[in-house]
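Colleague: how does the following fold in three dimensions:
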Amino acid sequence: MGPTQRIAVTGSTGALGALVARNLAQRGISQRLLVRTASKAPELPQAEVRQFDYADQASSREALDGVEVLFMVSAPEGPRRLDLHRSFIDAAKDAGVKQVVYTSFAAAAPDAQFTLAREHHATEQYLRDSTMRWTFLRDSFYQDLMPHLVGPDGIIRGPAGEGRFVPVARADVARAAAAVLAAPAEHASATYELTGPQSLDMADVARILSESGGKEIVFLDETAEEAYASRAAFGAPDWQLDAWVSTYTAIASNAMSRVSNHVEILTGTAPLALEQFLQSARADGAAS
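Modeller: Residues are numbered from 1 along each chain as shown. As a prediction, the model looks like this:
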């Protein structure tokens, strides 16, 4: 087995997977990048690129040949997502993968309020039943997405009420994932809750965004019916509308309100607060 074949990373052309791959490269760890389009793969030292597709079991098995540890970023959101996950997990098992580190979601459960968290729970269960070792990274909503919740009128709309959640910087999730991949056996059968350091409600998020950006942003609490109506004009399919609205109703339920110290335990460094993330993102934007 070649030195680059022990760890495989999916999603390296996307935001999270690219950060994980770079973290591994900075640690001097060899890796195989599994991508749909080879030309889009990041150029990293000690990294080889293999093409695969979640929907193509044969290409997945071939791309995973010789891999021991797989970092599995969830497939793109869509009605077939769970089927794609199961097919890919079957391919990994057939290829001889020993352990899968899967990016799941906070409060994943069969009856989770956030509809997409139900798919994550089902994927977790499929991995538990696969006979491969597993590690679950249950990420909260990303801090990176908070500015995108604001409408052009400076209003965040949604049925979140006064519910609280603990958003996490995508970069902190990547650091935690790289730490797990660097010593996977130590994290077998572990589930990590990856959160930031602050439990916030949507009014807090609006205030922090206002203070960071110098533009007034407010939160307008909607009913679920109002939320569906305000999003109907986008023409999105029902599953996507359900996901958008349940983002807020899940926050309202307080199912994701607990702060976890798992990022710091895994990485040795505390996760970013939302204010820190926004300041860093603004500085990066000014430098680019």
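
Colleague: now stretch 65-81: average pLDDT?
Modeller: Averaging pLDDT along stretch 65-81 gives 96.

Colleague: quick check: closest non-adjacent residue to residue 281.
Modeller: Take residue 281 and drop its neighbours on the chain: the residue closest to it by C-beta to C-beta, 6 or more residues apart in numbering is residue 144, 7.6 Å away. For the C-beta atoms, the positions are set from N, CA and C on the backbone; glycine is no exception.

Colleague: the one you found belongs to a strand?
Modeller: No: going by DSSP: H, G, I helix; E, B strand; the rest coil, the assignment for residue 144 is helix, not a strand.

Colleague: okay, it: pLDDT?
Modeller: 98.

Colleague: quick one: the helices in the stretch 1-150 of the chain?
Modeller: Ranges of helices in the stretch 1-150 of the chain, per DSSP state H, counting those that start in this stretch, are 15-26, 57-63, 81-95, 115-128.

Colleague: residue 19 reaches residue 176, doesn't it?
Modeller: No: in this structure, residue 19 is not within contact of residue 176 by C-beta atoms under 8 Å, at 10.7 Å.

Colleague: the two: which is more packed in?
Modeller: For residue 19 and residue 176, the more surrounded residue by other C-beta atoms under 10 Å is residue 176, and the numbers stand at 25 against 22.

Colleague: pretty sure the more buried one is in a strand, no?
Modeller: No: read with three-state DSSP, residue 176 is helix and lies in no strand.

Colleague: show the pLDDT at it.
Modeller: Looking at residue 176, its pLDDT stands at 98.

Colleague: got it, and residue 282?
Modeller: Per-residue pLDDT puts residue 282 at 87.

Colleague: if we can go back for a sec, and the gap between the residue nearest to residue 281 and residue 35?
Modeller: Residue 144 sits 21 Å away from residue 35, going by C-beta to C-beta, to the nearest Å.

Colleague: out of those two, which sits in the more crowded spot?
Modeller: Using other C-beta under 10 Å as the criterion, residue 144 and residue 35 rank with residue 35 on top: 22 against 18.

Colleague: just the pLDDT for the more buried one.
Modeller: At residue 35, pLDDT is 96.

Colleague: residue contacts, it?
Modeller: Counting by C-beta atoms under 8 Å, 6 or more residues apart in numbering, residue 35 touches 12, 13, 41, 49, 50, 51, 52.

Colleague: and with 10 Å instead?
Modeller: 9-14, 17, 41-42, 49-53, 63 (C-beta atoms under 10 Å, 6 or more residues apart in numbering).

Colleague: how about residue 14: what's its closest non-neighbour residue?
Modeller: Per C-beta to C-beta, 6+ apart, closest to residue 14 is residue 73, 6.7 Å.

Colleague: from residue 43, how far off is that neighbour?
Modeller: Counting by C-beta to C-beta, the gap from residue 73 to residue 43 is 19 Å.
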